[in-house]
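K.L.:
Give the three-dimensional model of this entry:
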Amino acid sequence: MKIDVLPLGLYEENIYLIHENGHVLIVDPGCHRAREILKYISKDEKADAIVLTHGHEDHTYCVDDLADELGCPVYMHPLDLPLVQAASSGAKPFSRPVYTPLKDLLEGKMTLGTFKVQIYHTPGHTAGSVCVRYRDVLITGDTLFAGSIGRTDLYSGNDAQMSESLLKLKQLPGNLTICPGHGPASTLADEFRHNRYVLYYLKQIDTEPED
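P.N.:
The predicted model follows:
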């Protein structure tokens, strides 16, 4: 397995290309020009799918061009559809229409071409945010960063859901490498030990009064 990390998009959003056995899985193609991503896919490789961790434009910008070029399906959680539908996206921050038909990316095990992945629905940054696990790598989108978390004050963001999502991630193996939507990689163990935003949000669950 080889992973290319391409901070080419708006706000230096990380685009991930997972290569294995002549197949490629693309996550969050947010740059302006599809050809910049295509440089990293050889003529001998097949793109199995494009996966979107959420619907903000800095993660979706060249989905249509890339899908047209590669002829592969695109997956996103349906709760983020308002961010990419032409009729509703323009009035919401960081939204942009995606015209390629989108397949549902839902909690649980999924097979995307040759890639067997585990999807974790992690709302908080957006209602349809997900994390994508492949082997010992967890692509966290804008849910969890090295030293921070995604903001919750945008459309469909929610503090309580962010706390619950972080608690869900806390149950996973600490040695998983996290590959976030922005910034450097880390491990789950490091983030749940040192990330002050994570610790603050988890504390909110611990201190909620019982009914």
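K.L.:
Check which residues of stretch 184-199 are buried.
P.N.:
For stretch 184-199, a neighbour-count test (16 or more other CB atoms under 10 Å) marks 186-188, 191-192, 195, 197-198 as buried. Glycine gets a C-beta too; all of them are placed from N, C-alpha and C.
K.L.:
which pair in those residues spans the largest distance?
P.N.:
187 and 197 (16.1 Å; CB to CB).
K.L.:
show me where this protein has helices.
P.N.:
Assigned by DSSP state H, the helices in the chain fall at 34-38, 57-60, 63-70, 159-170, 188-194, 196-206.
K.L.:
can you tell me how far residue 135 sits from residue 12?
P.N.:
Using CB to CB, to the nearest Å, one obtains 25 Å as the distance from residue 135 to residue 12.
K.L.:
wait, I meant residue 41
P.N.:
21 Å.
K.L.:
In space, what's closest to the residue positioned nearest the centre of the chain - neighbours in sequence excluded?
P.N.:
Central residue of the chain (CA atoms, centre = their mean): residue 53, 2.5 Å from the mean position. What sits nearest to residue 53 in space, not counting adjacent residues and going by CB to CB, 6 or more residues apart in numbering, is residue 141, at 2.7 Å.
K.L.:
Does that neighbour touch residue 180 like I think?
P.N.:
Yes: assessed by CB atoms under 8 Å, residue 141 is found in contact with residue 180 at 7.3 Å.
K.L.:
would you turn the helices of the chain into CSV with distance to residue 48?
P.N.:
Shown next, in CSV, are those (distance: least, CB to CB, whole Å):
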stretch, distance to residue 48
helix 34-38, 15
helix 57-60, 18
helix 63-70, 9
helix 159-170, 25
helix 188-194, 26
helix 196-206, 32
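K.L.:
Which of these has the highest mean neighbour count?
P.N.:
helix 57-60 (a mean of 25; mean count of other CB atoms under 10 Å).
K.L.:
Could I have the CA atoms of that one written out in PDB?
P.N.:
Presented in PDB, the C-alpha positions along helix 57-60 are these (Å, rounded to 0.1, in the frame of the first residue of the first chain):
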ATOM      1  CA  GLU A  57     -16.100  22.700  -1.300                       C
ATOM      2  CA  ASP A  58     -12.500  22.500  -0.200                       C
ATOM      3  CA  HIS A  59     -13.000  18.700  -0.200                       C
ATOM      4  CA  THR A  60     -15.200  18.400  -3.300                       C
END
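K.L.:
What average pLDDT does it get?
P.N.:
Averaged across helix 57-60, the pLDDT comes to 95.
K.L.:
And stretch 21-30, by the same measure?
P.N.:
97.
K.L.:
do stretch 176-183 as well
P.N.:
Here stretch 176-183 scores 98 as its mean pLDDT.
K.L.:
for that stretch, the distance to its chain's centre please.
P.N.:
Centre-to-centre, stretch 176-183 and its host chain are 9 Å apart (CA atoms, centre = their mean, to the nearest Å).
K.L.:
how long is it from one end to the other?
P.N.:
End-to-end span of stretch 176-183 (CA to CA, to the nearest Å): 17 Å.
K.L.:
Start the count at 33 instead of 1 going forward.
P.N.:
All right, first residue 33 from here; so that's stretch 208-215.
K.L.:
Please enumerate residues in contact with it?
P.N.:
For stretch 208-215, contacts defined as CB atoms under 8 Å, 6 or more residues apart in numbering pick out 35, 37, 39, 43-46, 48, 60, 85, 91, 165, 168-174, 176-180, 182, 217-220, 223.
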